[in-house]
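In: dropping the sequence and predicted coords here.
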Amino acid sequence: MSTTASPRWRGVNHLALVTHDMDATVRFYVGVLGARLIATIGTETFRHYFFQIGVGNSVAFFEYRGFELDQFAKPAGIPHRQASQFDHLSLALADEDALLELRDRLKRVDCEVTDVVDHGIMHSIYFTDPNGIALEASWWVVDPTGRAELSFDDEHIFADPVPVPAVSELRAGGLQRVPATKLVGGFTSERDDWVLPE
């Protein structure tokens, strides 16, 4: 299968997360992290708020009305049985100074935050939002995102010593197969709403 022709991606539109308290979420993302609230949607069954975290980048939250959620919190990168589709959200920063400034800002408002963690190609700090969502703020020490060409032989960027078979296929020139998927029940394309499960 050819991977040369690609859709005209412009980045991630938004990552949709879940909150049990939209007011606390607005206060944290705007008041603590300095994000900008850029849009809100409200229906009889949910609120959906969008926060800009960079030009063309947003994080969004759903708050469901009249639906009790089973909540849990987990630290970033630590296995948890309930974390079947999400581990943590990493927000991008420009450089080490911006990372240290955010760490100090979090400490000033009494939010627990780690020291800087050196991952080789990126430096990060870890903290948690009021919903128990594990957050990371990172800057690329070696930024692979803006490069026209990447070499799968560059062990600094492609550092998994035993990569999955798809990486070997990409290294050899292209993927041999891709998975088929199915829609998860509850969403319909004919309406701008979701049917909540019973």
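Out: That came through fine.
In: can you list the low-confidence ranges for the protein?
Out: For the chain, the stretches with pLDDT under 70 are 1-13, 71-74, 80, 82-87, 146, 184-198.
In: could I get the full set of strands for it?
Out: Taking DSSP state E as the test, the strands found in the chain are 15-18, 36-42, 46-54, 57-64, 89-92, 117-118, 122-128, 134-140.
In: want to throw these into JSON lines with mean neighbour count?
Out: Where you see a C-beta, it was placed from the backbone N, CA and C, and this is true even at glycine. Below are these laid out as JSON lines (neighbours: other CB atoms under 10 Å):
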{"stretch": "strand 15-18", "mean neighbour count": "14"}
{"stretch": "strand 36-42", "mean neighbour count": "12"}
{"stretch": "strand 46-54", "mean neighbour count": "18"}
{"stretch": "strand 57-64", "mean neighbour count": "19"}
{"stretch": "strand 89-92", "mean neighbour count": "16"}
{"stretch": "strand 117-118", "mean neighbour count": "12"}
{"stretch": "strand 122-128", "mean neighbour count": "19"}
{"stretch": "strand 134-140", "mean neighbour count": "20"}
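In: can these go into a markdown table with extra columns for distance to R81?
Out: Below are the strands of the chain laid out as a markdown table (distance: least, CB to CB, whole Å):
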| stretch | distance to R81 |
| --- | --- |
| strand 15-18 | 18 |
| strand 36-42 | 32 |
| strand 46-54 | 26 |
| strand 57-64 | 22 |
| strand 89-92 | 20 |
| strand 117-118 | 25 |
| strand 122-128 | 19 |
| strand 134-140 | 15 |
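In: what residues are up against I125?
Out: I125 sits next to L99, L102, R103, L106, V113, T114, D115, V116, V117, E136, A137 when contact means CB atoms under 8 Å, 6 or more residues apart in numbering.
In: from these, which would you call buried?
Out: Among those, the ones that count as buried by 16 or more other CB atoms under 10 Å are L99, L102, R103, L106, V113, V116, E136, A137.
In: residues in contact with the second one?
Out: L102 makes contacts with L33, L93, I125, A137, as judged by CB under 8 Å, 6+ apart.
In: tell me which of the strands of the chain sits nearest to R177.
Out: Closest to R177 of the strands of the chain is strand 15-18 (CB to CB; 27.4 Å).
In: now do that closest one: which elements does it pack against?
Out: Judged by 3 or more CB pairs under 8 Å, 6 or more residues apart in numbering; DSSP states H and E, the packing partners of strand 15-18 are strand 57-64.
In: relative to its centre, which residue of the chain is most distant?
Out: In the chain, the greatest distance from the average C-alpha position (CA atoms, centre = their mean) is reached by A172, at 29.6 Å.
In: next, give phi and psi for it.
Out: Backbone torsions for A172, taken as degrees, to the nearest 10, come to phi -80, psi 0.
In: any idea which residue is closest to the centre of the chain?
Out: L89 (3.5 Å).
In: how far away is the closest residue to that residue other than its chain neighbours from T40?
Out: Distances taken as CB to CB, 6 or more residues apart in numbering put L135 closest to L89, at 5.6 Å, once the chain neighbours are dropped. For L135, the distance to T40 equals 21 Å [CB to CB, to the nearest Å].
In: done for today, thanks.
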